[in-house]
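> Quick one, what's the 3D model for this:
(one chain, ligands or ions: 1)
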Amino acid sequence: MRRWLVLLLALGVALASPRVGLHEGFTRIVLDLPKNATYRIQERGGHLVIRLSGYRLEPERVAVKSPELVEYQAKGEELLLRVAPGVEAKAFVLEGTTPGTYRLVVDLKKGAVPAAKKPDPPKPVVVLDPGHGGPDPGAVGYVVEKEITLDVALRVKRILEQKGIRVVLTRDRDTDLAPPGEKDLWKRKVLDLKKRAGMADAKKTLFVSIHVNSAPRPAAGVETYYLGRAIDPEAQRLAVWENGGGEVGQRLTRETETLTDRVLKDLVAQANLAFSTQLARTIQARLSEAARSPDRGVHSAPLYVLRYARIPAVLVEVGFANHPTEGRLLARPEHRERIAEGIAEGILQFLANGAYAFK
Ligand SMILES: [Zn+2]
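Okay, here's the model as predicted:
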């Protein structure tokens, strides 16, 4: 018999309390969070702690007494879960039920097999895509985009590998990925972007494309993009530019828009997009902190390189090549190291939250 008992403990306070559902074999905690809030999950003193940033919880202490969860305590930016011994937690995100929100879901379940016999989970594989290269310099200002993207990608690779993460680069030198004989500019860009996108296959864990911004009017700061229609003209302009610029960029942007509308009707793609959004938010928050750069936010845009990703995939703009201050900063190795640290921290945080095992 399958009996579902759902306890709604949010007593009239929308968006302020966690929702707890008691199910056969597991307990589910759901937090409705605004899109700008990030979270971190860690173990502390026998508790599972969900630390929020950019959002506060109504203070309360509630006894749940399910086989998996003894009680929870909400205070400020922390949600403390007192879990039963041997319980494992798995966290994931879903699109929110109202615009501007997302749902953080944490499932608590008793470990099915003894810890010693459990096979090792597959090691994460991160794909880093240094934008442009070879005949395509990307943005040129106080720095040349293709040089900065490669340098930053190599730094992120080094940091992640030190943490035991496997890293695959789409390029590790000054080249694009189009066949050497191809002379047609349009075909070159399509083949180049297709090859990069093709590396975001299901055998990998996540995909991060690294770029440098430029703007007609000087601006400064960092931005992170996931696949979708552009909401504002700035995101549209950026998509055209990163899709090859000029007529090539216009054409690839239109093609990506049509594809995006179709792809996003697919349920798997929708779930993947929720993860991409979360990855974008996490990287954006850590990057703007580490690089001490203005936070220009997370946006959606019809970016060709992200369009067929089977895994969480984002594009990061690490600063503006043509901004008098930021352009010069990008030329400095210590600033690029801070950028790399921010991106790596974002990736590590996302990986840690995605499949968290509580012991
Ligand atoms: Zn670029």
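
> Next, Gly54: phi, psi?
Per-residue torsions, Gly54: phi 90, psi 10 (degrees, to the nearest 10).

> now the closest residue to it other than its chain neighbours: how far from the ion?
Nearest residue to Gly54 in three dimensions, chain neighbours excluded: Ala37, at 4.2 Å (C-beta to C-beta, 6 or more residues apart in numbering). In short, each C-beta sits where N, CA and C put it, glycine included. As judged by C-beta to the ion, to the nearest Å, Ala37 and the ion stand 29 Å apart.

> how about Ala37, phi and psi?
phi -80, psi 140.

> Repeat that for Ser53.
Main-chain torsions, Ser53, degrees, to the nearest 10: phi -130, psi 130.

> Residues of the stretch 1-150 of the chain that sit close to the ion?
Residues of the stretch 1-150 of the chain lying near the ion by C-beta under 5 Å from the ion: Gly131, Gly138.

> Now do the contacts for the residue nearest to Gly54.
Neighbouring residues of Ala37 by C-beta atoms under 8 Å, 6 or more residues apart in numbering: Leu52, Ser53, Gly54, Tyr55.

> who wins for neighbours among these?
Leu52 (19 neighbours; other C-beta atoms under 10 Å).

> correct me, but it touches Asn36?
No - applying C-beta atoms under 8 Å, one finds Leu52 not in contact with Asn36, separated by 11.0 Å.

> separation between Thr101 and Glu60?
Using C-beta to C-beta, to the nearest Å, we find Thr101 at a distance of 20 Å from Glu60.

> residue ranges for the helices of this protein, please.
145-162, 185-198, 233-242, 246-263, 267-290, 324-330, 333-354 (DSSP state H).

> dump the residue contacts of the closest residue to the ion within the chain.
Using C-beta to the ion, the closest approach of the chain to the ion is made by His211 at 3.4 Å. Counting by C-beta under 8 Å, 6+ apart, His211 touches Gly131, His132, Gly138, Glu145, Thr149, Glu242, Leu315, Val316, Glu317, Val318.

> what about 10 Å?
Listed by C-beta atoms under 10 Å, 6 or more residues apart in numbering, the contact partners of His211 are 129-132, 138-139, 145-146, 148-149, 152, 223, 225, 238, 241-242, 303, 305, 315-319, 321.

> likewise Arg237?
Residues near Arg237 by C-beta under 10 Å, 6+ apart: Ala215, Pro216, Ala230, Gly249, Thr253, Ala301.

> Most neighbours out of those residues, which is it?
Among the contacts of Arg237, Ala301 has more neighbours than the rest - 28 neighbours, counting by other C-beta under 10 Å.

> So in terms of bridging, what pairs with Ser209?
Beta-bridge pairing for Ser209 (DSSP bridges): Asp129, Leu315.

> gap between it and Pro333?
In terms of C-beta to C-beta, Ser209 sits 22 Å off from Pro333.

> Okay, now the unreliable bits of the stretch 51-200 of the chain?
Across the stretch 51-200 of the chain, the ranges flagged by pLDDT under 70 are 112-121.

> Do a quick rundown of the strands in it.
57-63, 69-76, 78-83, 87-95, 101-110, 125-130, 166-169 (DSSP state E, counting those that start in this stretch).

> I'd like those laid out as a markdown table, including mean neighbour count.
What follows is these, written out as a markdown table (neighbours: other C-beta atoms under 10 Å):
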| stretch | mean neighbour count |
| --- | --- |
| strand 57-63 | 14 |
| strand 69-76 | 18 |
| strand 78-83 | 20 |
| strand 87-95 | 18 |
| strand 101-110 | 19 |
| strand 125-130 | 24 |
| strand 166-169 | 16 |
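
> Next, format the ones you listed as JSON lines and append distance to Gly198.
What follows is the strands of the stretch 51-200 of the chain, written out as JSON lines (distance: least, C-beta to C-beta, whole Å):
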{"stretch": "strand 57-63", "distance to Gly198": "42"}
{"stretch": "strand 69-76", "distance to Gly198": "43"}
{"stretch": "strand 78-83", "distance to Gly198": "40"}
{"stretch": "strand 87-95", "distance to Gly198": "26"}
{"stretch": "strand 101-110", "distance to Gly198": "29"}
{"stretch": "strand 125-130", "distance to Gly198": "10"}
{"stretch": "strand 166-169", "distance to Gly198": "12"}
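
> can you pull the contacts of the nearest residue to Gly96 once chain neighbours are set aside?
Leaving aside its sequence neighbours, Gly96 sits nearest to Tyr102 (C-beta to C-beta, 6+ apart; 4.6 Å). Tyr102 is in contact with 31-35, 37, 93-96, 274, 277-278, 281, counting by C-beta under 10 Å, 6+ apart.

> Please apply the same query to Lys163.
Lys163 touches Pro124, Ala344, Ile347, Leu348, Leu351, counting by C-beta under 10 Å, 6+ apart.

> what's the farthest-apart pair in the residues you listed?
Pro124 and Ala344 (12.5 Å; C-beta to C-beta).
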